[in-house]
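1. fold the following.
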Amino acid sequence: MRAALVVAEGASASGDVPVGAVVLDESGAELSRACNEREASGDPTAHAEVLALRRAAGARGTWRLAGCTLVVTLEPCTMCAGALVLSRVDRVVFGAWDPKAGAAGSLWDVVRDRRLNHRPEVLGGVLEDECAALLDSFFAAHRQP
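-> Okay, the predicted model is just below:
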């Protein structure tokens with residue numbers, strides 16, 4: 001999670017919400033990392049999780065990321081949760097809960113929906129206070145006139 005926090009800090013330079021994601025392989029080696037790039041790229045799908053999954057798939061040479069873990073500083077949204085299910089990651093570890101848009105247990109639980117063909121293990125609240133503080137400071141700075 002500490003690596004994901006470092007990655008998240010890079011998003012603020014472009015005005016993106018500071019969310020960072022890291023994909024680890026079965027041995028714990030890093031396959032990829034990404035931060036939000038929606039503002040930087042003008043791409044509404046450029047969430048940290050989606051970008052990290054794309055890069056990990058590129059590194060592996062396959063879209064199937066079985067055995068992998070995605071670590072992200074904020075609970076995934078519905079789009080990212082869907083991408084996690086479709087990529088077949090084994091585990092999702094996240095920091096701050098997102099009661100307004102979270103899809104890994106807060107508002108929805110897409111990643112563990114029994115109607116889907118793949119359900120990764122989920123571990124939330126890892127370094128939650130640090131992850132939430134990074135987001136809180138970003139939004140506080142952007143709300144000031």
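
2. contacts and neighbour counts: CA atoms only from here.
-> Fine.

3. now the strands: where do they sit in the chain?
-> With DSSP state E as the criterion, the chain has strands at 20-24, 30-35, 69-74, 91-96, 121-123.

4. can you redo those strands as TSV with mean pLDDT?
-> Putting the strands of the chain into TSV (pLDDT from 0 to 100) gives the following:
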stretch	mean pLDDT
strand 20-24	98
strand 30-35	98
strand 69-74	98
strand 91-96	98
strand 121-123	97
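
5. closest to Ala8 out of the ones you listed?
-> strand 20-24 (3.8 Å; CA to CA).

6. give me the contact list for the closest one.
-> Applying CA atoms under 8 Å, 6 or more residues apart in numbering, the external contacts of strand 20-24 come out as 3-9, 11, 30-36, 48-49, 52-53, 56, 68-74.

7. any of those residues buried? List them.
-> Among the contacts of strand 20-24, those scoring as buried are 4-9, 11, 30-36, 48-49, 52-53, 56, 68-74 (criterion: 16 or more other CA atoms under 10 Å).

8. in CSV: the strands of the chain, plus distance to Gly42.
-> Listed next are those as CSV, based on distance: least, CA to CA, whole Å:
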stretch, distance to Gly42
strand 20-24, 18
strand 30-35, 14
strand 69-74, 21
strand 91-96, 25
strand 121-123, 30
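
9. out of those strands, nearest to Thr62?
-> That would be, of the strands of the chain and by CA to CA, strand 30-35, which comes in at 12.5 Å.

10. report the angle between that closest one and strand 20-24.
-> 170 degrees (axes from the mean of the first three to the mean of the last three CA atoms, to 10 degrees).

11. identify the residues contacting strand 30-35?
-> Contacts of strand 30-35 (CA under 8 Å, 6+ apart): 4, 7-8, 10-11, 18-25, 47-49, 51-53, 55-56, 59.
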